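# Make a model of this:
(chains A, B, C and D)
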2 protein chains.
Amino acid sequence: MLKKIDNLEKYLRDAGIKPSIQRLKIFEYLASTNSHPTVDKIYGALSSDIPTLSKTTVYNTLKLFQKQGIILIINIEDNETRFDADVSFHGHFKCIECGGVEDFPIPEHGKIEALIDYDISEKHFYIKGICANCKKTINK
Amino acid sequence: MLKKIDNLEKYLRDAGIKPSIQRLKIFEYLASTNSHPTVDKIYGALSSDIPTLSKTTVYNTLKLFQKQGIILIINIEDNETRFDADVSFHGHFKCIECGGVEDFPIPEHGKIEALIDYDISEKHFYIKGICANCKKTINK
DNA sequence: GTATCTGCAAAACATTTGCAATTCT
DNA sequence: AGAATTGCAAATGTTTTGCAGATAC
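Next comes the predicted model:
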């Protein structure tokens, strides 16, 4: 769960990122949704708000955010890179019916870390299957 | 750990795959290495053996293998799709120094499944960090 | 002889790069 | 003014598609 950010400009500055309009809006959008959007989705969601926005800027910004550690890149499908403003360790569930991606908590992950004696910089866990909604629809 | 396959042709047939030369060699190569190779690596490794091999066939074959459930697609980096002939649940460790990907066992994964009440079709867990070898080199 | 499989060439798509214009301080 | 940021257009790289020839049953 992403913790509430009360001062977004400060949040970015503290991460070493100058808060331009584009950067603020991109992060704000990412933090406001739990849909784990792609570059295309982010661009589409903001281009009416910032008509001059370019995809290059979305790419640049997301790359910068990741470098500075305030977002995670989610690679579930090889043809679909998604982004998450919640950098705490949690699982991702992708529905193979509707394509949606949801979060789920992973309580006892200390045990997983104990399995590896290397230096860990990132941990990812994801599951694919059929979500509750699609399951209902299919059974009709 | 990939179980030993004594009759590869039968293994493919049982999975509903006609064992052409290309398919046999591609699976054989995938099962023989623990490097989790990319399409490019697979193609490069086999093209001297099968000079007429095309990348399209490698793509087609891997897609078929995945559909029939005898390989896994490993998405760790967004610009690098890797493949694994071991479809049992295990973790992947990617070294951010040397780029290598290793397997590691995940013993108590029943607990992870219990966290999700949806129908699960695939489970993936991966970690990034610095491998033992690179750690040694860096400390020099 | 009909189905399937293979592999070339072109197309499609996502991402990156070079660079000029813009913005910020 | 000087440095960083943005955004266009072109380049790159990977994967897919259309189709013709080869192979298998």
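# how about the strands in chain A?
A:72-77, A:80-84, A:91-95, A:101-104, A:119-130 (DSSP state E).
# May I see those organised as CSV, with distance to DNA strand D and mean neighbour count added?
(Each C-beta comes from the backbone N, C-alpha and C, glycine too.) Output for the strands of chain A, formatted as CSV (distance: least, CB to the nearest atom of the strand, whole Å; neighbours: other CB atoms under 10 Å in any protein chain shown):
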stretch, distance to DNA strand D, mean neighbour count
strand A:72-77, 10, 20
strand A:80-84, 11, 20
strand A:91-95, 17, 21
strand A:101-104, 19, 18
strand A:119-130, 16, 18
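# Now do A:F83 against chain B, distance only.
A:F83 sits 10 Å away from chain B, going by CB to the nearest CB, to the nearest Å.
# Let me see the contact set for that residue.
A:30, A:36-39, A:42, A:62, A:65, A:71-74 (CB atoms under 8 Å, 6 or more residues apart in numbering or on different chains).
# That one bridge partners, please.
Counting by DSSP bridges, A:F83 is bridged to A:I73.
# per-residue confidence at it?
Here, the pLDDT recorded for A:F83 equals 98.
# that older thread, figure out which of the strands of chain A is closest to DNA strand C.
strand A:80-84 (3.6 Å; CB to the nearest atom of the strand).
# Nearest residue to the spatially most central residue of chain A in space, please, no chain neighbours.
By CA atoms, centre = their mean, chain A has its centre lying nearest to A:D84, at 1.1 Å. If the residues on either side of it in the chain are set aside, A:D84 comes closest to A:L72, at 4.6 Å by CB to CB, 6 or more residues apart in numbering or on different chains.
# quick one: that neighbour and A:H92, what's the gap?
In this view, A:L72 and A:H92 are 10 Å apart by CB to CB, to the nearest Å.
# which residues of chain A score low on pLDDT?
Scanning chain A for pLDDT under 70 picks out the ranges A:108-117, A:140.
# where does it come near DNA strand D, residue by residue?
Counting by CB under 7 Å from any atom of the strand, chain A comes close to DNA strand D at A:18, A:20-23, A:50, A:52-54, A:56-57, A:60-61, A:78-79.
# who's the residue nearest to A:H124 when sequence neighbours are not counted bridged to?
Using CB to CB, 6+ apart and skipping the chain neighbours, the partner closest in space to A:H124 is B:Y126 (5.2 Å). Per DSSP bridges, the residues bridged to B:Y126 are A:H124, B:H92.
# Quick check: B:Y126 vs B:L12, distance?
Computed as CB to CB, the B:Y126 to B:L12 distance reads 27 Å.
# Could you do A:L24 as well?
A:L24 is 54 Å from B:L12, by CB to CB.
# ok now stretch A:18-35, how far from the chain's centre?
Relative to the centre of its chain, stretch A:18-35 is centred 11 Å away, using CA atoms, centre = their mean, to the nearest Å.
# show me what contacts the closest residue to A:T57 other than its chain neighbours?
Using CB to CB, 6+ apart and skipping residues adjacent in sequence, the residue nearest A:T57 is A:Q22, 5.3 Å away. Residues near A:Q22 by CB under 8 Å, 6+ apart: A:50, A:53, A:57, A:61.
# Can you tell me which of those has the most neighbours?
Most neighbours among those, by other CB atoms under 10 Å in any protein chain shown: A:T61, with 23 neighbours.
# That one is in contact with A:I21, isn't it?
No. With contacts counted by CB atoms under 8 Å, A:T61 stays clear of A:I21, the gap being 11.0 Å.
# near DNA strand C, from the residues of chain A next to DNA strand D?
A:20-21, A:56, A:60, A:79.
# want to try JSON lines for those residues, with distance to A:L2 as columns?
Shown next, in JSON lines, are these (distance: CB to CB, whole Å):
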{"residue": "A:S20", "distance to A:L2": "21"}
{"residue": "A:I21", "distance to A:L2": "21"}
{"residue": "A:T56", "distance to A:L2": "26"}
{"residue": "A:N60", "distance to A:L2": "22"}
{"residue": "A:N79", "distance to A:L2": "26"}
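# Redo those residues as CSV? Include neighbour count.
Formatted as CSV, those follow (neighbours: other CB atoms under 10 Å in any protein chain shown):
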residue, neighbour count
A:S20, 12
A:I21, 10
A:T56, 9
A:N60, 14
A:N79, 8
